[in-house]
Every structure is written in structure tokens, then in C-alpha cells.
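Peer 1: Have a look; sequence and predicted model below, questions after that.
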Amino acid sequence: MAILPITVFGDRVLRQKTNPINQIDDQTIGLIRNMYETMHNAYGIGLAANQVASTKSIFIVDLSVMDDYKNVKPVTMINPVILEVSEEVEIMEEGCLSLPNLRTDVERPAIVKVKYLDTDENEQMLEADDLLARVILHEYDHLIGKMIPDRVEPKVKKKLQKKLNNIIARKEKVDYPITERKL
């Protein structure tokens, strides 16, 4: 397994829609293993493939590192499709490994229903709420080229602009490897 550099705000790959996977092969499984290694190294709880410069439609979630979620198994979602979201929304502070040192409140649906393939190419369905729903929606956003700044009011984004510019310029200190230049 390998720890991969994480793409950061300003890298073009984060704004591209990812591509569905037709067959889960050894290369895809290797990517997923590297994604888990990379995410755990950066103390993250979710990671999308384009955050490690891949255009594959994959994301992973592992909440088990958090006290209240120790019994929640990690999940790998390949070719996920959001089927339903609740009208009820929740506002919670979010961060992102591709936005180092940036945290802000984001409004998201409280419940999500998602369909995806697991690593054995079996179709799965999951209904999630609370933090798991939020992380699924956050990571799914990555797969469609959206990020936290796209989910906040323009006045909030304006307040974040200096930090965003520092991230683009690689001036934010991080404890994990990031891409050296825009990808």
C-alpha cells in the first residue's frame, strides 16, 4: 500500500466529474487500498478518488476512528447514485482534506439513500443519517466536481477567499502529502 498525495483546492481534477467503473479489477482494488492508507494517514473520515488524482467514481468512508462510531464498518462506494435525500436539513461544520485548515458550516440533507457497488461488484443500498449521511453527501459532491465553497452563501465564500487562495498557492501547513502543483 502507498500513501498518495492529496489534491487540493485549485487542482482541476477536483472540478471534473468522475467516470463510472465498468469492471472492478486489481488496479481498482489497489487504488482503494491506497485511498484507505492515504485517508487514515491524514486523519480523515472520507476520501474520494479525485482527491488522489484519479477520475474513477469511488469514495470511501471510515467513521470508526471517532468515539461515537467505533462499531461502524468502513464502506467503499463504487459508482454511487444518490436515490433520495430528506427535506429535513442539518447545519454542521465541515472540513475537507482537499481544503486544509478550512472549516465552515454547511447545510445538507439529514438523511440520504444511496445505491452503489461494493468491491465484489454487488449492488448495495444504504440509507444513512447524521454524520454518515453528511460524509456520503460530501464525498459524492467530490465525484460530481463540487466542494464546500460551492455549498455556502456567497458572503461566506468571500470570507473564505484568503484561505482558499493560500490553499491554491500551497501556503497552508499540512501534516500529510499534497500535490505540489495544480493537477
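Peer 2: All right, it came through fine. What you see is a predicted model, and the numbers here were worked out from it, not measured in a lab.

Peer 1: Which neighbouring elements make contact with the longest strand anywhere in the chain?
Peer 2: Taking DSSP state E as the criterion, the chain has its longest strand at strand 75-85. Judged by 3 or more C-beta pairs under 8 Å, 6 or more residues apart in numbering; DSSP states H and E, the packing partners of strand 75-85 are strand 58-61, strand 111-117, helix 130-143. Where C-beta positions appear, they are placed from N, C-alpha and C, glycine not excepted.

Peer 1: Redo these as CSV? Include distance to Lys73.
Peer 2: Output for these, formatted as CSV (distance: least, C-beta to C-beta, whole Å):
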stretch, distance to Lys73
strand 58-61, 10
strand 111-117, 14
helix 130-143, 11
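
Peer 1: These into TSV, with extra columns for distance to Arg103 and mean pLDDT?
Peer 2: What follows is the helices and strands packed on strand 75-85, written out as TSV (distance: least, C-beta to C-beta, whole Å; pLDDT from 0 to 100):
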stretch	distance to Arg103	mean pLDDT
strand 58-61	19	98
strand 111-117	21	98
helix 130-143	13	97
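
Peer 1: among those, which is the most enclosed?
Peer 2: Among the helices and strands packed on strand 75-85, judged by mean count of other C-beta atoms under 10 Å, the one packed with the most neighbours on average is strand 58-61 (a mean of 26).

Peer 1: just the strands in this structure please.
Peer 2: For the chain, the strands defined by DSSP E occupy 46-48, 58-61, 75-85, 89-94, 104-109, 111-117, 123-129.

Peer 1: which one of those lies closest to Asn166?
Peer 2: Between Asn166 and the strands of the chain, the shortest separation by C-beta to C-beta is 14.8 Å, and it involves strand 104-109.

Peer 1: Next, the buried residues of the longest strand of the chain.
Peer 2: Val75, Thr76, Met77, Ile78, Asn79, Pro80, Val85 (16 or more other C-beta atoms under 10 Å).

Peer 1: Show the contacting residues for the fifth one.
Peer 2: Taking C-beta atoms under 8 Å, 6 or more residues apart in numbering as the contact definition, Asn79 lies against Pro20, Ile21, Ser57, Ile58, Tyr116, Leu117.

Peer 1: got it, and the first one?
Peer 2: Counting by C-beta under 8 Å, 6+ apart, Val75 makes contact with Ile60, Val61, Asp62, Leu126.

Peer 1: a markdown table for those, including distance to Gln27?
Peer 2: Rendered in a markdown table, the data for these read as follows (distance: C-beta to C-beta, whole Å):
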| residue | distance to Gln27 |
| --- | --- |
| Ile60 | 16 |
| Val61 | 21 |
| Asp62 | 22 |
| Leu126 | 25 |
